[in-house]
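Colleague: Next input, structure requested:
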Amino acid sequence: IQGATSHEEVIQITLEKEHHSPPLYFILLYYWTYYVGMDEFGLRSFSAVFGVLSILLIFILGVKLFDEKVGLLSSAMMSLSMISIFYSQEARLYSFFIFLTLLSSIFLIKLFEKANTITYLLYMGTLISLLCTVYLGFLVLFLHILFVLIFRKRDKYISKNLFAMQAMSIVFFLAFFAKE
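Modeller: Residues are numbered from 1 along each chain as shown. Presented below is the predicted three-dimensional model:
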């Protein structure tokens, strides 16, 4: 992103150069470094912020799936995990990927608890962000589809809406890259 003068250039550089990955992380990093700086602190602090927020999200996910004890234990394990610490210090997209994976999973669980339009849209937004950040987001989407298939007996209406949101996320992703 160094030397880019607009987010359009960031997209072009990201898709054409050695990155070969979707451009969302690099666009956000471009704007982050515009305000924080292009030095080592500016580049690494972006990942650090998402690494710290991921600790909070894994606590929330643990509480939603199990209880507060599991939430505390999982957040403690993540905060002490060497790989998590390493990714939070790197100027790479991995901590942002973890953040979006956890956030989309929380919204998915929340939809099964109490579905509403805002949660559907937030879920779809995080899925689109995930797919536009790294191609591995398709694995997360596949796992979410499996989750819905396993638990769809609870509420078929929610399952149909979730499948629609997941399909629309893929269509949005494909439409974005069809222009490129």
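Colleague: secondary structure class for the closest residue to Phe151 other than its chain neighbours?
Modeller: Excluding the flanking residues, the one nearest Phe151 by C-beta to C-beta, 6 or more residues apart in numbering is Phe112, at 6.5 Å. (C-beta placed from N, C-alpha, C; glycine too.) Secondary structure state of Phe112, per DSSP: H, G, I helix; E, B strand; the rest coil, is helix.
Colleague: Phe112 against Arg152, yeah?
Modeller: No - the criterion here is C-beta atoms under 8 Å, and Phe112 misses it with Arg152 at 9.6 Å.
Colleague: Quick check: neighbours shared by those two?
Modeller: Residues touching both Phe112 and Arg152 by C-beta atoms under 8 Å, 6 or more residues apart in numbering: Ile158.
Colleague: thinking again about what came up before, distance check, the residue nearest to Phe151 against Met78.
Modeller: Going from Phe112 to Met78 by C-beta to C-beta, to the nearest Å gives 23 Å.
Colleague: which one of those two has more residues nearby?
Modeller: Comparing Phe112 with Met78 by other C-beta atoms under 10 Å, the one with more neighbours is Met78, at 21 against 17.
Colleague: Contacts only, for that one.
Modeller: Neighbours of Met78 in contact, by C-beta under 8 Å, 6+ apart: Ser54, Ile55, Ile58, Ser84.
Colleague: Just read off the phi/psi values of it.
Modeller: phi -70, psi -40 (degrees, to the nearest 10).
Colleague: show me the contacts for the residue nearest the centre of the chain.
Modeller: Centroid check for the chain by C-alpha atoms, centre = their mean gives Leu100 as the closest residue, at 1.8 Å. Contact analysis of Leu100 by C-beta under 8 Å, 6+ apart lists Thr126, Ser129, Leu130, Thr133, Gly137.
Colleague: from the residues you listed, which single one is nearest Ile11?
Modeller: Among the contacts of Leu100, Thr133 lies closest to Ile11 (C-beta to C-beta), at 12.9 Å.
Colleague: and the closest one, helix, strand or coil?
Modeller: Per three-state DSSP, Thr133 ends up coil.
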